[in-house]
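# heads up, no residue letters with this:
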Ligand SMILES: [Zn+2]
């Protein structure tokens, strides 16, 4: 079994994943505020790298949201849900953002901050401003107008 200082746990009340320092005994859920005892929680992933943990938290939250979405029988025609589902298959942050950009471009033509807000809402994780900053740096995404994004090579 891999050892690591940090781990990924899931809140027992609201099913939100978060990264924790395993040195601690307790943690508080960032989403619902529930006090969680680390001893009683399943640790889904361990690593010494906080960046890696943050990455896994994002993936796990996207998956957990997908399960919730499926359970609620929400229609699959929602471009945002399609984007979140497809992007959750990416193996790292860059790949997920790229898939997100491509799906949003395919479904909406272009996308902007309000679209990213919707994505963050569905994912339960992420920050629209941070995402815009990252899209700025991606060669595969350009801005036909300021703060309006579009992926190239669909
Ligand atoms: Zn919670």
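Cool, got the structure. All values derive from a computational prediction rather than experimental measurement.
# and the helix or strand of the chain with the lowest mean pLDDT, how far out from the chain middle?
Taking mean pLDDT, DSSP states H and E as the measure, the helix or strand of the chain with the lowest value is helix 50-71, at a mean of 83. Here helix 50-71 shows a centroid-to-chain-centroid distance of 6 Å under the convention CA atoms, centre = their mean, to the nearest Å.
# contacts for it?
For helix 50-71, the surrounding residues in contact (CB atoms under 8 Å, 6 or more residues apart in numbering) are 6-8, 10, 15-19, 44-45, 47, 81, 84-85, 87-88, 92-93, 96, 122-126. To be clear about C-beta, it is placed using only N, CA and C from the backbone, and glycine gets the same treatment.
# so which residues of this structure form strands?
6-10, 17-21, 26-28, 35-37, 45-47, 141-145, 148-151 (DSSP state E).
# mean neighbour count, mean pLDDT and distance to residue 118 added to these, as a markdown table?
As requested, these are exported to a markdown table (neighbours: other CB atoms under 10 Å; pLDDT from 0 to 100; distance: least, CB to CB, whole Å):
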| stretch | mean neighbour count | mean pLDDT | distance to residue 118 |
| --- | --- | --- | --- |
| strand 6-10 | 22 | 94 | 24 |
| strand 17-21 | 20 | 95 | 20 |
| strand 26-28 | 14 | 95 | 27 |
| strand 35-37 | 12 | 95 | 29 |
| strand 45-47 | 18 | 93 | 28 |
| strand 141-145 | 13 | 94 | 18 |
| strand 148-151 | 20 | 96 | 14 |
